[in-house]
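>>> Have a look at this prediction, sequence included:
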Amino acid sequence: MRLICYLLISLFATTLADQPDWEPCAPLKFGVFRATASVSKSKIVVVGGAGSTGAALNVIQVYDVETNQWTISQRRLANGLFEHGQTTLADGRVLITGGKTGFITDRKTIEKSAEAYLYNAGTDTLEQIDPMPQAPGYVTAHTLPDGRAIVIGGKYALIYNPADRAWLKPIKLKYHRRDHASAVLTDGRVMVAAGSGRKSVEVINPADGTVNMPAARLPFQLDDLKMTALADGGAWILGGQQTLNGDTTERTWLIYPDDRPMAEGPALGIKRGVSDHCVATIKHLTIVAGGESERGRQDEELATARILDTRSKQIWKLPDLPLAHDDAAAVSIGKSVYILGGYRLESAFGGIVHLPSAAAEVWRLTLPDEKLR
């Protein structure tokens, strides 16, 4: 079966050979990895992240897609943040929540954050709002169809209502979640999958605050995975890292919020697997790019890119990124996907030493109209 998947990917790759390629955009002012990014109208807002020294940054970088220029906000977070949550509300403001602060390279200095902010890219204003009821560290965040936002991490899902400027009563999850994935399904419910030490799936109903667990389970504990919503109401889990041995996987799974059995999807065609990759969606197409492969605790940063059709559940190979980008951020605007920053090791002293580097490069790929129909 795996061989068939490789052959299919190779076949589809030939049909995309004359299709879009990555093109450079103006670089970030500060190179960052494990930052988050959101779109606010015609601007991309990149918040925090870690720099090459490993220190969490408190800067907000704003990119104008019309002028191809970056500016640094005059506003600063109270503390540097990485692995935080970020989502754009209906009015264009960006909600920034949770995460960690300190030096990413020194676990003794890392502190979990309960901070929450609203940033307005149009007026360059930053407002610190009521903190979250808990400090979960790593979180995922989404804007719901009803305009509220949901932040998921630790033992709870937290809903922020911008109309009331308030956090609602926390929704208790069945299991503690860290380094998990989540996605808003087509019916407005939110699926949360796996995470460090977990292979289970939970479905949150933000309308009534209930949580249920589908029968489906992943075959092993999986973290640093990604997920995208399927057009038929389910979710597609993409790659990740096995918690027990650190090995990455190229496997994908199709999971639904009811009692249908989990189905294995086509492989990503990355032989050593992938984790810490970035994902962005345009209509029914999801682009997966960058990340790392790991075998036997040996890492390799990746430049690979794939495009997935959430209707047909097929995967095609895209041209590789010009440079490897691990722990990068990704967003989509219109027909274009942007890959921003990331982490890689740079050779020094004739290749004897490899030094960590926070990338500043930004790449854009624009899909043709025929692929979006």
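It's in.
>>> From now on I want contacts and neighbour counts done on CA atoms only, so please keep to that.
OK.
>>> State the number of residues packed around residue 106.
By other C-alpha atoms under 10 Å, 10 other residues sit near residue 106.
>>> Actually, residue 265.
Neighbourhood size, residue 265 [other C-alpha under 10 Å]: 18.
>>> buried stuff in the longest strand belonging to the chain?
Selection of the longest strand in the chain by residue count, based on DSSP state E, yields strand 149-161. Neighbour-count burial for strand 149-161 flags 149-160 (criterion: 16 or more other C-alpha atoms under 10 Å).
>>> Partner strands of the helix or strand just after it, with direction?
With elements assigned by DSSP states H and E, the helix or strand that comes after strand 149-161 is strand 166-167. Take DSSP bridges as the rule and strand 166-167 pairs in its sheet with strand 149-161 (antiparallel).
>>> quick check: mean pLDDT across the partner strand?
In this model, strand 149-161 has an average pLDDT of 97.
>>> Please apply the same query to stretch 41-59.
The model assigns stretch 41-59 a mean pLDDT of 96.
>>> just the CA coordinates of it, formatted as PDB?
The C-alpha coordinates for stretch 41-59 follow below in PDB (Å, rounded to 0.1, in the frame of the first residue of the first chain):
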ATOM      1  CA  LYS A  41      -7.200  42.200   5.900                       C
ATOM      2  CA  SER A  42      -4.200  42.700   3.600                       C
ATOM      3  CA  LYS A  43      -1.600  42.400   6.400                       C
ATOM      4  CA  ILE A  44       0.200  39.500   8.000                       C
ATOM      5  CA  VAL A  45       0.800  39.800  11.700                       C
ATOM      6  CA  VAL A  46       3.700  37.800  13.100                       C
ATOM      7  CA  VAL A  47       3.900  37.800  16.900                       C
ATOM      8  CA  GLY A  48       6.800  36.800  19.100                       C
ATOM      9  CA  GLY A  49       8.700  33.600  18.500                       C
ATOM     10  CA  ALA A  50      12.300  32.700  19.500                       C
ATOM     11  CA  GLY A  51      15.300  34.400  18.000                       C
ATOM     12  CA  SER A  52      18.700  32.800  17.200                       C
ATOM     13  CA  THR A  53      19.800  33.200  20.800                       C
ATOM     14  CA  GLY A  54      16.800  31.100  21.900                       C
ATOM     15  CA  ALA A  55      15.200  34.100  23.700                       C
ATOM     16  CA  ALA A  56      11.400  34.600  23.400                       C
ATOM     17  CA  LEU A  57      10.700  37.900  21.600                       C
ATOM     18  CA  ASN A  58       8.000  40.400  22.500                       C
ATOM     19  CA  VAL A  59       7.900  42.100  19.100                       C
END
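>>> Doesn't residue 138 lie inside a helix?
No. Under DSSP: H, G, I helix; E, B strand; the rest coil, residue 138 sits outside any helix and is assigned coil.
>>> wait, it sits on residue 98?
Yes. With contact defined as C-alpha atoms under 8 Å, residue 138 reaches residue 98; the gap is 7.1 Å.
>>> So which bits of stretch 260-267 are buried?
For stretch 260-267, by 16+ other C-alpha under 10 Å, it's 262, 265-267.
>>> Of the residues you listed, which belong to strands?
Reading strands off the buried residues of stretch 260-267 with DSSP E, I get residue 265.
>>> can you put the buried residues of stretch 260-267 in CSV and add pLDDT and distance to residue 124?
Below are those laid out as CSV (pLDDT from 0 to 100; distance: C-alpha to C-alpha, whole Å):
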residue, pLDDT, distance to residue 124
262, 92, 45
265, 97, 43
266, 98, 43
267, 98, 43
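>>> just the buried residues of stretch 260-267 now: which is nearest residue 329?
Of all these, the one with the least separation from residue 329 (C-alpha to C-alpha) is residue 267, at 22.6 Å.
>>> which residue packs closest to the closest one, ignoring adjacent ones?
Leaving aside its sequence neighbours, residue 267 sits nearest to residue 251 (C-alpha to C-alpha, 6 or more residues apart in numbering; 4.8 Å).
>>> looking at this, that neighbour is in a helix?
No. If the criterion is three-state DSSP, then residue 251 is strand and not within a helix.
>>> and it, how many neighbours does it have?
Neighbours of residue 251 (other C-alpha under 10 Å): 20.
>>> doesn't residue 239 make contact with it?
Yes. With contact defined as C-alpha under 8 Å, residue 251 counts as touching residue 239 (5.5 Å).
>>> Report the set of residues contacting both of those two.
Among the neighbours of residue 251, those also in contact with residue 239 (C-alpha atoms under 8 Å, 6 or more residues apart in numbering) are 268, 273.
>>> can you tell me which residues contact the closest residue in space to residue 253 that isn't next to it in sequence?
Leaving out its chain neighbours, the residue that sits closest to residue 253 by C-alpha to C-alpha, 6+ apart is residue 264, at 4.4 Å. For residue 264, the contact set (C-alpha under 8 Å, 6+ apart) comprises 251-254.
>>> if you set the cut-off to 7 Å instead, what comes out?
252-254 (C-alpha atoms under 7 Å, 6 or more residues apart in numbering).
>>> With residue 172 instead?
For residue 172, the contacting residues are 155-157, by C-alpha under 7 Å, 6+ apart.
>>> so residue 211, which of the three states?
Residue 211 is classified as strand under three-state DSSP.
>>> Spit out the contact partners of it.
173, 202-205.
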